[in-house]
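Chemist: Fold the following, please.
(chains A and B)
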Amino acid sequence: MTPDAKYAFDRAGFSRRDFLKTSGWLVVSFGAASVLPGVAQGPFDTRPSHIDPRRLDSWIAIAGDGKVTAYTGKCDLGQGMFTAQTQLVAEELSVAPAMVTLIQCDTSVCPDQGTTSGSQSTPTNFNERNLAQAAATAREALLAMAATRFGVGRDQLTLDAGVIAVKGDTSKRVTYGELLSGKTFNLQLDDQAKRKPASEWKVLGKPIPRLDMTAMATGQFEFVHNVRVPGMLHGAVVRPPEVGATLVSVDEDSVRNLPGFVKVVTRKNFVGIVTEKPWQARQAVQKLQIQWNSGSGLPTWREFYDFIRKQPSRDAYVVNSKDVDERLAKASSVVKATYLHPYQMHGSMGTSCAVADVQGPKVTVWSAYPTRSGVAMLLGVPADNVRVVFVRGAGCYGINGADTVSYDAALLSQAVGKPVRVQLSRQDEMAWENYGFPYVIDQRVALDADGTIVAWDCESWNASLGGRPGTNTPGNVVTGMLAGFSPAPFAPRAAGEPGGRFNNGSNAAPSYVIGRVGGAAGGAGVVASERVLTHTIASPFFTGPLRSPSRLQNTFAHECLMDEIAAQVKADPVDFRMRHVSDQRLKHTIVEVARAAKWQARPSPKPGASRTGVASGRGMACVVYEGDNGYVAIVADVAVNTATGKVTAQHLYVAQDCGPVSNPDGMRNQLEGGALQGLSRALGEEVTWDERKVTSIDWRTYHSLTLGDAMPTIESVLIDRHDTEATGAGETAITVIAAAVGNAIFDATGVRVRQIPFTPERVKAALTERTQ
Amino acid sequence: MSSITLTVNGKSHTVDVDPATPLLYVLSDDLALRGPKFGCGLGQCGACTVIVKGRALRSCVTPVSSVSGADVTTLEGLGTPERPHPIQKAFIDEQAAQCGFCLSGVILTAKALLDQNPKASEDEIQQGMSTVLCRCFTNVRMLHAIKRYQAGGVR
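Modeler: Next comes the predicted model:
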C-alpha cells in the first residue's frame, strides 16, 4: 500500500485489523442490532457493511397492509435479477410478486453482498443463505406466531397469499400485517428454516414477464443517467491524451469566461470541469488549455502477442501431474496449437454516468455500481459517511466505467460543494475502461495409438492491470489512478504447486482433465496426465472482469483444440468429447444439444466442401463453467463467404444446465444475449492502439455487430434440475460460442483460424493461404 | 443563448439555450425526458433517436435550432405504461430488452422505418436498423417484436 493509499485507508475508517478481516479469512461476530455502529465483515463477502446480514430485519420488512419490502445486495444490471429476486421473495413468503418491493444495493439500508459479478447473484441469493433464507425465516416465524395466536400446531395451519388460517376453521385467519402489527421481526436468520420445494412453486420457476419491461419500453424507467438532484451541476473530465501522460499545467483562464462555467478541478493528474449545464461542460473540455507530459509509450499492437510472452510474469500451476513431459515424449502423436485472444471492451450502450453530492463529510452517490469504499478513500471521509444509491445504468457486462465515473462525480462535487452529475464521453469510456484480458495460449496434447488423449499440456500468458477496486484499491480504475492511488501492485512470481482443492482457474484447465489436486480429482474429464501453467504479466492498459473473464479465452483455446484433435484422429467432435468427459451433467448437456441440433456423427471437415462461393459448416463446444457453476453445450451452423472471408452464424443450438431455473424466459433471454454478444466478440471486437494511445474509441473503430447484421436463429434447451443448487446462467453461452464458430469455420472450409476476432480479412487470409 | 420554441410530444416548450446545443441535451436536461439517451454523442448507436417529420433523427448530433418549431416525438410520446403504442406493446410482449438502454433508439428507428415503408422486406428492415446497437444483444427478440408490429398482430 502506498503512503497515499494508507492515509486514505485510515481516513476512511478502516483499521489495519479491519483490513485483514475484509481481505482474508477472519469473521467477526455481530451484536444484536441490525445496524452496526461501525464497519463489520459479513459472513460471506469481502466488503464491510453496517447492515448486519445475520438479522432478518436487514432483509425483510412487512407493513401493516401486508406489503413486503425486501433488501438485496445484488443488483439488476440488465440481466433480469430484479424480477428473479422478487419472484424468490414472493415464493418463499407465499405472496404475489406485486406485493413485494425489492430495494437493490442502497448501501444505507441493504446488506452488503459484495460485487454483483461472477455469475454469483442467483447462487448467492437462491441457495441456502441470504435473501431466500431470510424470506423462508420470515415465513416460518409468521407461521409460529399464528400457531401461538390460535393455540394450534404448526401443521394445523394453511398459508396462502399472505394469509395464515387454521385448517377447517375459516373464522381463524390472520394476515402477515396483523401478526406483525407494524413491528420488526427482531430475529436472527434461521439456517434451518425450510425452503419451499420446487414441486410447490407457484411464482418461482415461472416465465413471469420482467417487472421493469413496460417502464423501459415506454420511456418511463429511471436510469442513473436520468437522476436529477436539486441544485445539481454538470461535470466533464479531461483524460490524458496518451497512456501514462502526466499533467503539467492547466490554464483555467482559457475557459473562465465560457457561459455557465463554475470551476476547473485538478488533483494530481485528474482534471475535470464543472459547469451549470452538460453541453457547457463538453464545450469547456474542448477549449481548456492544458499541458501534458508525454506518455510512457506502448508496445507495438501487431507484436503484442510476442511481447507478452517475454515479460516478467506471475505464474501459477492449476494442475501438474508431473508426468506430462514423459507422456508427450512417448506419445503416438502430439497435437500442438497456439490460440490468440485480444483485449476486448465492455462497450456499454450508454457511457457511464453518476451523480455525487458531497456535503462536508457526508457523501451521497447515485451510481450504477455500489462503489462505496473507493469513494470514501478518494474523498478522505469515513466509509460510514458514504451512501451509494444504486440506480441502474446501461448493461455493464463486468466492470465498465461505473466505478470510475462515480469517482469523477465525487471529486468534482467535493471541489464545488454541490451535487455534480458526470456522464463520460464515448471516447473517455472506451479509451480508459478496464478491458477484458488478452491471452496467448499454447497447447500440446499427447495421443495414444487409438487416438485417445493421454496428456494435456497448456501454458498461457495474459495481461492484467487494476480491476475491481474492492474495499481498498481505487487506483484499480483510471480516476483513482489519476488522483494518486496505485493499482494493485504487480510482482512477478514463480509458480508454486497447486494446493488445497482443485479449482479450474477460470477454466484454465479444460473440461477433459481429471483435475487431481491434493489427492482428489475435481475435474470433469478423464485425462490423468495434466499440466496447466498460467503466466500473468503487467498490462499497459487497465483490465478487469468482462463477461466470462478468462473463462471465455481459455475455453476458446480448449474447445478449438479438442476439435483439432478430433479432426486429426477422424473422430466425430461430439463422440470424441463424450469419450473424454466423466462428468454426468456435462455429458447430459452435450447429448441434449446434439439432439436439438439433429447432429449427424461424422468427422470434420465436412466432406466435399466447396472452395468457392458460400461454404457452410457446423461446430460444437461445451464447458463446465468455473468447474461447477453451469453446464453448457452449443452447436453453431455458420456460412463462410469464401470470396470475402465474411462469417455469418445461421443457427445456434444451446443446451444449458444451471440447476433449478428461477425464470425460464429470463434465462432464455440471458442465454440468447450471451450467445450473440459472444458472436459479436468472436467476429469483430478488438481493442487497438498506436504507439501512445488507444485508437478504438467509438463504434466506427471498435467493431460490434448491430441490429442490421444477420443474426442466427437460436434454439435453447433449458435442463431444469430441481435436485441441485442453482448456478449462474449469465456467462455460460458466451463462453462457448467463439470456439463453436471457429470449429464451424473449420468444418466448412478445412481452414483453422486460431485468432479472435474472425474478421473477414483474417478468414480470407487463411483461406488464401490454403489455396497456395 | 437564445430563446427557442419546439414542440415535444405535442406540448410546446420554450428554452433559453445556446442554439448549437444538441437537441438531446435539451430533451434530457432542460425537459427532463427519460426516453432519449446519450449513447455516443456521434450519431453511431441510435440511443438518442427521436422522430421528426416522420423520420428517425439522431438528436445527439442535431442542433436544437434546426428543429425550432418542429414536432419532436420521443419514446414517451408514443404511448403510456397503461396504453402503450402497438410497437411498444410488441416489445413488451416479446420481452425484447435486457438493460433497456437502447430501447428508445430501437423502437423509434423501427417505427419510423415501418411507417414510411410498411411492407419493408427483412433486408430492408436490417438495412434500416444497421446504425442501431443493442449491446446486450437482444437482437433476435427485437427483430421478432419489429415484425410483430409490422404484421399488425398487436394493433
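
Chemist: Quickly check: stretch A:632-651 near chain B or not.
Modeler: No. Using C-beta under 8 Å from any C-beta of the partner chain, stretch A:632-651 never reaches chain B; the gap is at least 11.3 Å. Just so you know, the C-beta spots here come from the backbone N, C-alpha and C atoms, and that holds for glycine as well.

Chemist: for that stretch, which positions count as buried?
Modeler: By neighbour count with 16 or more other C-beta atoms under 10 Å in any protein chain shown, stretch A:632-651 contains the buried residues A:632-642, A:645-649.

Chemist: Give me every residue in the stretch 651-772 of chain A lying close to chain B.
Modeler: A:665, A:669-670, A:672-677, A:679-680, A:698-700, A:704-711, A:713-714.

Chemist: Next step: the residues you listed restricted to strands.
Modeler: A:Thr713, A:Ile714 (DSSP state E).

Chemist: So which of the residues of the stretch 651-772 of chain A next to chain B belong to helices?
Modeler: Of these, the ones assigned to helices by DSSP state H are A:Asp665, A:Asn669, A:Gln670, A:Glu672, A:Gly673, A:Gly674, A:Ala675, A:Leu676, A:Gln677, A:Leu679, A:Ser680.

Chemist: Redo those residues as CSV? Include distance to A:Val440.
Modeler: Below are these laid out as CSV (distance: C-beta to C-beta, whole Å):
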residue, distance to A:Val440
A:Asp665, 39
A:Asn669, 34
A:Gln670, 30
A:Glu672, 31
A:Gly673, 28
A:Gly674, 25
A:Ala675, 25
A:Leu676, 26
A:Gln677, 23
A:Leu679, 23
A:Ser680, 22
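
Chemist: Make JSON lines from the residues you listed and add distance to B:Asp115 and pLDDT to it.
Modeler: Below are those laid out as JSON lines (distance: C-beta to C-beta, whole Å; pLDDT from 0 to 100):
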{"residue": "A:Asp665", "distance to B:Asp115": "29", "pLDDT": "97"}
{"residue": "A:Asn669", "distance to B:Asp115": "28", "pLDDT": "97"}
{"residue": "A:Gln670", "distance to B:Asp115": "32", "pLDDT": "97"}
{"residue": "A:Glu672", "distance to B:Asp115": "28", "pLDDT": "98"}
{"residue": "A:Gly673", "distance to B:Asp115": "28", "pLDDT": "98"}
{"residue": "A:Gly674", "distance to B:Asp115": "33", "pLDDT": "98"}
{"residue": "A:Ala675", "distance to B:Asp115": "32", "pLDDT": "98"}
{"residue": "A:Leu676", "distance to B:Asp115": "27", "pLDDT": "98"}
{"residue": "A:Gln677", "distance to B:Asp115": "30", "pLDDT": "98"}
{"residue": "A:Leu679", "distance to B:Asp115": "30", "pLDDT": "98"}
{"residue": "A:Ser680", "distance to B:Asp115": "29", "pLDDT": "98"}
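
Chemist: Isn't B:Val8 up against B:Ala70?
Modeler: No. B:Val8 lies out of contact with B:Ala70 (C-beta atoms under 8 Å); the separation is 9.6 Å.

Chemist: Run a quick neighbour tally on the nearest residue to A:Gln79 once chain neighbours are set aside.
Modeler: Of all residues beyond its chain neighbours, the one nearest A:Gln79 is A:Gly730 (5.3 Å), with distances taken as C-beta to C-beta, 6 or more residues apart in numbering or on different chains. The local packing of A:Gly730 (other C-beta atoms under 10 Å in any protein chain shown) involves 29 other residues.

Chemist: and A:Gly730, what are its phi and psi?
Modeler: As for A:Gly730, its main-chain torsions (degrees, to the nearest 10) stand at phi -90, psi -10.

Chemist: That one is in contact with A:Gln670, isn't it?
Modeler: Yes. Between A:Gly730 and A:Gln670 there is a contact at 5.1 Å, judged by C-beta under 8 Å.

Chemist: Does residue 82 belong to a helix, a strand or coil?
Modeler: No chain specified, so I'll use chain A. Assigned by DSSP: H, G, I helix; E, B strand; the rest coil, the conformation of A:Phe82 is helix.

Chemist: Ignoring the adjacent residues along the chain, who's closest to A:Ala144?
Modeler: Once flanking residues are discounted, A:Ala144 sits nearest to A:Arg154: 6.8 Å by C-beta to C-beta, 6+ apart.

Chemist: Verify the stated contact: the one you found with A:Leu143.
Modeler: Yes. Contact criterion C-beta under 8 Å: A:Arg154 and A:Leu143 qualify, at 5.7 Å.

Chemist: higher neighbour count, the two?
Modeler: Using other C-beta under 10 Å as the criterion, A:Arg154 and A:Leu143 rank with A:Leu143 on top: 19 against 11.

Chemist: secondary structure element for the more buried one?
Modeler: Per DSSP states H and E, A:Leu143 falls inside helix A:130-150.

Chemist: returning to what we had before: and B:Val8 and B:Ala70? Which one has more around it.
Modeler: Applying other C-beta under 10 Å to B:Val8 and B:Ala70 shows that B:Val8 carries more neighbours, namely 23 against 14.
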